[in-house]
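A.B. asks: what's the 3D shape of this:
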Amino acid sequence: MRKILVVTGTRSEYGLLYWTMKRIQEDKDLELQLIVTGNHLCPEYGYTVEQIKKDGFKIDEEIDMLISSKNKSAIVKSMGLELIQMAQAFDRLKPDILLILGDRYETFIAATCAMMMNIPIAHMNGGESTEGAVDEQIRHAITKMAHIHFAGAEYYRERIIKMGEEEWRVFNVGQAGIENIMRMELLDKSELEEELNVNLDKLTFLITYHPVTLEVENTVEQIDNLLKTIQKFDANYIFTYPNADFGSKIIIDKINEFVKNQRNAYIFHSLGQKKYLSLIKNCDLVIGNSSSGIIETPIFKKPVINIGNRQKGRLRCGNVIDCNYSVIEIQNAINIALYDDKFKKNLDYVNNIFGDGTTSIKIVEKLKSIKLDKRLLEKKLTF
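C.D. replies: Residues are numbered from 1 along each chain as shown. Alright, predicted model coming up:
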């Protein structure tokens with residue numbers, strides 16, 4: 001039986017891995033191994049390890065590694081703690097393949113361990129671009145470490161090949177977020193209102209704003225401008241927590257202060273995939289700088305305001321309005337999304353470019369069939 005080790009460190013990443021993990025778990029020829037780390041084990045970010053357990057997954061190792069500090073070095077020190085524990089876990093579990101997703105520093109450490117221990121790495125969502133965040137460098141570094149590539153769109157598959165990866169290693173499997181939407185039974189409006197204790201008859205903004213790690217010195221100004229702008233609109237303001245990058249505490253503190261002093265403002269540590277996707281479906285506007293605003297909203301034909309540079313370089317559909325960090329730019333973008341008849345009419349014609357919802361089927365098929373031999377481990381540069 002082939003052992004597939006999955007490492008997850010954030011709620012959003014876990015949500016994207018969920019169906020692939022389920023399919024691995026149910027396959028008679030595969031054994032799912034699971035390491036949980038990062039935000040999942042932090043009460044401040046919702047202690048989402050409990051959700052993973054509720055979903056029926058056996059956790060083989062919990063790696064507690066986050067150091068809480070205002071210093072930039074805190075993340076680096078956290079990575080050091082993770083590296084030692086990850087190597088010990090790999091020694092114990094002896095996986096045949098490591099499966100990881102995306103561009104987080106927790107994922108980078110897992111990839112580093114696997115590379116140095118000659119464990120084949122299967123990487124989801126390579127070839128993408130987020131120029132405003134350090135995630136950009138991490139993602140491409142993992143691509144050069146990885147032995148199997150599961151890209152989320154044909155354009156990304158081609159980009160991975162242009163990075164010098166051998167074509168036989170690279171597969172377009174579509175975005176896992178699309179599979180979540182197609183396979184999950186979402187809550188209807190009344191059920192969601194009861195779950196959140198929010199009246200969704202009112203204009204509703206869903207807001208997720210993460211630190212822009214290459215512009216961290218501007219975090220206060222960025223979040224202040226966003227909060228100043230949305231106050232100009234009579235709406236429900238529903239915030240989800242940012243990730244645990246440097247600068248996240250500034251954002252959390254600012255949002256909590258806003259929620260305390262503003263009617264119809266709410267903040268959630270973690271909505272979970274079902275409530276989060278149901279809220280996208282039932283809100284009027286998605287605002288922020290999260291990849292979910294780019295990837296998952298086209299299915300719902302929902303307008304999105306994408307602020308700043310964090311998602312710069314990523315493919316987007318016609319429902320996304322890009323703007324800079326200024327109050328006037330954000331306000332103008334919201335006005336277009338809500339009141340511009342031409343833009344609103346075009347939402348009906350937005351096409352999903354991120355796959356057909358069969359991502360987990362395609363990934364598991366390759367994990368089962370690919371040969372674990374010398375050819376797989378020996379990387380070659382093709383240019």
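
A.B. asks: okay, CA-based contacts and neighbour counts for the rest of this
C.D. replies: Will do.

A.B. asks: what ranges do the strands span in this structure?
C.D. replies: Along the chain, counting by DSSP state E, strands occupy 2-8, 30-37, 61-63, 97-101, 121-124, 148-151, 170-172, 204-208, 236-240, 265-268, 285-288, 304-307, 320-323.

A.B. asks: Can I get those in JSON lines including mean neighbour count, mean pLDDT and distance to Glu329?
C.D. replies: Listed next are the strands of the chain as JSON lines, based on neighbours: other C-alpha atoms under 10 Å; pLDDT from 0 to 100; distance: least, C-alpha to C-alpha, whole Å:
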{"stretch": "strand 2-8", "mean neighbour count": "22", "mean pLDDT": "98", "distance to Glu329": "36"}
{"stretch": "strand 30-37", "mean neighbour count": "21", "mean pLDDT": "98", "distance to Glu329": "38"}
{"stretch": "strand 61-63", "mean neighbour count": "18", "mean pLDDT": "98", "distance to Glu329": "42"}
{"stretch": "strand 97-101", "mean neighbour count": "25", "mean pLDDT": "98", "distance to Glu329": "33"}
{"stretch": "strand 121-124", "mean neighbour count": "27", "mean pLDDT": "98", "distance to Glu329": "34"}
{"stretch": "strand 148-151", "mean neighbour count": "27", "mean pLDDT": "98", "distance to Glu329": "33"}
{"stretch": "strand 170-172", "mean neighbour count": "22", "mean pLDDT": "98", "distance to Glu329": "35"}
{"stretch": "strand 204-208", "mean neighbour count": "23", "mean pLDDT": "98", "distance to Glu329": "16"}
{"stretch": "strand 236-240", "mean neighbour count": "22", "mean pLDDT": "98", "distance to Glu329": "19"}
{"stretch": "strand 265-268", "mean neighbour count": "18", "mean pLDDT": "97", "distance to Glu329": "22"}
{"stretch": "strand 285-288", "mean neighbour count": "24", "mean pLDDT": "98", "distance to Glu329": "13"}
{"stretch": "strand 304-307", "mean neighbour count": "26", "mean pLDDT": "98", "distance to Glu329": "9"}
{"stretch": "strand 320-323", "mean neighbour count": "20", "mean pLDDT": "98", "distance to Glu329": "6"}
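
A.B. asks: neighbours around the nearest residue to Asn324 once chain neighbours are set aside, how many?
C.D. replies: Computed as C-alpha to C-alpha, 6 or more residues apart in numbering, the closest residue to Asn324 that is not its neighbour in sequence is Gly308, at 4.7 Å. Neighbour count for Gly308, taken as other C-alpha atoms under 10 Å: 18.

A.B. asks: Gly308 reaches Ser326, doesn't it?
C.D. replies: No - using C-alpha atoms under 8 Å as the test, Gly308 is too far from Ser326 to be in contact (9.3 Å).

A.B. asks: Any figure for the gap between the residue nearest to Asn324 and Thr229?
C.D. replies: Gly308 sits 15 Å away from Thr229, going by C-alpha to C-alpha, to the nearest Å.

A.B. asks: and what of Asn261?
C.D. replies: Distance from Asn261 to Thr229, by C-alpha to C-alpha: 15 Å.

A.B. asks: which of those two has more neighbours?
C.D. replies: Thr229 (18 against 10).

A.B. asks: so the more buried one touches Ala333, yeah?
C.D. replies: No - the criterion here is C-alpha under 8 Å, and Thr229 misses it with Ala333 at 10.6 Å.

A.B. asks: out of everything not next to it in sequence, what's closest to Ser12?
C.D. replies: Per C-alpha to C-alpha, 6+ apart, closest to Ser12 is Gln273, 8.0 Å.
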